[in-house]
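Chemist: Quick one, fold the following:
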Amino acid sequence: MDTPLIKFQSAEFTTSAPSLKQCPEDSGCEVAFAGRSNAGKSSAINTLTRNKSLARTSKTPGRTQMINYFTLAEGKRLVDLPGYGYAKVPIAMKAQWDRHLAEYLQQRKSLGGLILLMDIRHPLQDYDRQMLNWAAQAGLPVHILLTKSDKLKRGPAQSTLLKVDSFLREMDPGVTLLTVQTFSSLKKQGLPELEAQLNRWLSDDVSKA
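Modeler: The predicted model follows:
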């Protein structure tokens with residue numbers, strides 16, 4: 001019997017946690033969204049859930065400093081992780097965010113996958129690579145969204161997609177844990193592919209022992 005598809009528009013905000021210790025019970029399955037503060041993470045979540053005000057968007061990058069939880073169905077959640085790499089954030093706060101992100105990615109047993117967002121015009125920055133390394137250490141699958149793809153013409157967008165895909169194949173020769181697609185919240189391009197990936201991950205009860 002096929003697993004029913006998730007209704008992403010049913011997403012509801014649950015809670016905000018300042019660290020791993022304050023996160024909800026580590027059971028069921030969740031998928032986290034991460035990315036630089038200006039990568040369009042909140043916009044992507046709002047586009048996915050058809051709710052323009054679900055995830056807080058701000059013209060001031062670095063505003064989201066908590067781990068935000070959204071319930072989709074019983075035991076199935078989306079997680080909005082703190083934006084990273086914002087230059088104006090104090091060094092001490094950056095270090096704290098880094099510690100929380102690393103702990104979450106490597107210790108959260110119910111985490112089924114990571115959606116990593118990168119501005120298609122500036123992919124694979126240092127923090128992006130760090131996130132990929134943390135995920136690799138945890139054996140965590142990552143699906144990259146090259147956001148704001150409407151800002152580039154089709155040729156350059158495809159060229160960037162191929163370059164990022166080539167980089168991922170070097171990291172993951174078996175092509176089992178790392179995937180990538182283009183995405184535009186404004187044009188809703190790439191939404192079906194994102195939904196398909198999330199349905200695959202959330203259909204499994206992933207408990208990493």
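
Chemist: Give me the three-state assignment for Thr179.
Modeler: Under DSSP: H, G, I helix; E, B strand; the rest coil, Thr179 falls in the strand class.

Chemist: can you check Trp97 too?
Modeler: Applying three-state DSSP to Trp97 yields a three-state assignment of helix.

Chemist: Run a quick neighbour tally on it.
Modeler: Trp97 sits with 19 neighbouring residues when counted by other CB atoms under 10 Å. The C-beta positions use only the backbone N, C-alpha and C, and glycine is treated the same way.

Chemist: pull the helix or strand with minimum mean pLDDT from the protein.
Modeler: The weakest-scoring helix or strand in the chain, judged by mean pLDDT, DSSP states H and E, is helix 91-107 (a mean of 81).

Chemist: Now do it: distance to the chain's middle.
Modeler: 15 Å (CA atoms, centre = their mean, to the nearest Å).

Chemist: now do stretch 101-110
Modeler: Chain-centre distance of stretch 101-110: 13 Å, with CA atoms, centre = their mean.

Chemist: Kindly format the C-alpha coordinates of it as CSV.
Modeler: Extracted in CSV, the C-alpha atoms of stretch 101-110 (Å, rounded to 0.1, in the frame of the first residue of the first chain):
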residue,chain,number,x,y,z
LEU,A,101,24.1,23.4,14.1
ALA,A,102,26.8,20.8,14.3
GLU,A,103,25.2,19.2,17.3
TYR,A,104,21.8,19.1,15.7
LEU,A,105,23.0,17.6,12.4
GLN,A,106,25.1,14.9,14.1
GLN,A,107,23.0,14.0,17.1
ARG,A,108,19.3,14.3,16.1
LYS,A,109,18.1,10.8,15.6
SER,A,110,14.8,11.7,13.9
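
Chemist: Identify all contacting residues around it.
Modeler: Residues outside stretch 101-110 that contact it (CB atoms under 8 Å, 6 or more residues apart in numbering) are 19-20, 23, 26-30, 32, 34, 67, 81-82, 84, 111, 114, 131, 134-135, 137-138, 140, 206-209.

Chemist: Show me which positions of that stretch end up buried.
Modeler: In terms of neighbour count (16 or more other CB atoms under 10 Å), stretch 101-110 has its buried residues at Leu101, Ala102, Tyr104, Leu105, Gln106, Arg108, Ser110.

Chemist: which non-adjacent residue is nearest Ile45?
Modeler: Leaving aside its chain neighbours, Ile45 sits nearest to Ala55 (4.1 Å; criterion: CB to CB, 6 or more residues apart in numbering).

Chemist: For that neighbour, grab the count of nearby residues.
Modeler: Around Ala55 there are 23 residues (other CB under 10 Å).

Chemist: Then it would be within a strand, right?
Modeler: No - counting by three-state DSSP, Ala55 falls outside a strand, being coil.

Chemist: Look up phi and psi at it.
Modeler: Reported as degrees, to the nearest 10, the phi and psi values for Ala55 are phi -100, psi 130.
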